[in-house]
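Participant: can't give you the sequence, but here's the structure:
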DNA sequence: ACGCTGACTATTA
DNA sequence: CTAATAGCCAGCG
């Protein structure tokens, strides 16, 4: 478990105020915020947390998401190419694609079709738009 | 304690 | 256009 993220403090989230050893939590929470039928990338989440350079840590955190109490839609998190890079880490490699398709997404060759169209930026959740 | 690995990304050739 | 390289940082041998 990481006790702290990397650099910068987190610009947002954690109503509780905790943020140091919550790197996993942050990633998990952001992941849960992903609307059904949408996907995001590791880098987007990392950037949202202020560690855009450490997208790997996000993926690493996702690995812990399996045991997270509330369900974490890890299947909605793909890499920058829209590829289901983490599919092999699921209970069943096919499960990720099946889940995505069930949510209305199209997946071909382990890649989300029209990815930019379904891409959801976590910052949107905090932006609140105007 | 040192080095390799990895659910990534951006840059350079 | 695609391919290789460098950052990134915690976990594990």
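Facilitator: Cool, got the structure. Please read these numbers as outputs of a predicted model, since none were measured by experiment.

Participant: what's the burial count for the nearest residue to residue A:43 once chain neighbours are set aside?
Facilitator: Among residues not flanking residue A:43 along the chain, residue A:55 sits closest, at 4.3 Å (CB to CB, 6 or more residues apart in numbering). For the C-beta atoms, the positions are set from N, CA and C on the backbone; glycine is no exception. Close neighbours of residue A:55, defined as other CB atoms under 10 Å, add up to 18.

Participant: Okay, residue A:55 and DNA strand B: tell me how far apart.
Facilitator: 4 Å (CB to the nearest atom of the strand, to the nearest Å).

Participant: need the contact list for the closest residue to residue A:59 other than its chain neighbours.
Facilitator: Using CB to CB, 6+ apart and skipping the chain neighbours, the partner closest in space to residue A:59 is residue A:42 (5.1 Å). Under the criterion of CB atoms under 8 Å, 6 or more residues apart in numbering, the neighbours of residue A:42 are A:55-56, A:58-59, A:62, A:77, A:79-80.

Participant: try it again with 10 Å
Facilitator: The contact partners of residue A:42, taken as CB atoms under 10 Å, 6 or more residues apart in numbering, are A:27, A:54-62, A:77-80, A:85-86.

Participant: Identify the residues contacting the residue in chain A positioned nearest to DNA strand B.
Facilitator: Among all residues of chain A, residue A:86 sits closest to DNA strand B, at 1.8 Å; criterion: CB to the nearest atom of the strand. For residue A:86, the contact set (CB under 10 Å, 6+ apart) comprises A:42, A:59, A:62-63, A:74-75, A:77-79, A:93, A:96.

Participant: Point out where chain A drops to low pLDDT.
Facilitator: Low-confidence segments of chain A (pLDDT under 70): A:1-21, A:127-130.

Participant: can you rerun that using 90?
Facilitator: Scanning chain A for pLDDT under 90 picks out the ranges A:1-26, A:29, A:48-54, A:63-64, A:66-70, A:123-130.

Participant: Going by residue numbers, what spans are helices in it?
Facilitator: Assigned by DSSP state H, the helices in chain A fall at A:23-33, A:42-49, A:55-65, A:93-102, A:115-118, A:123-127.
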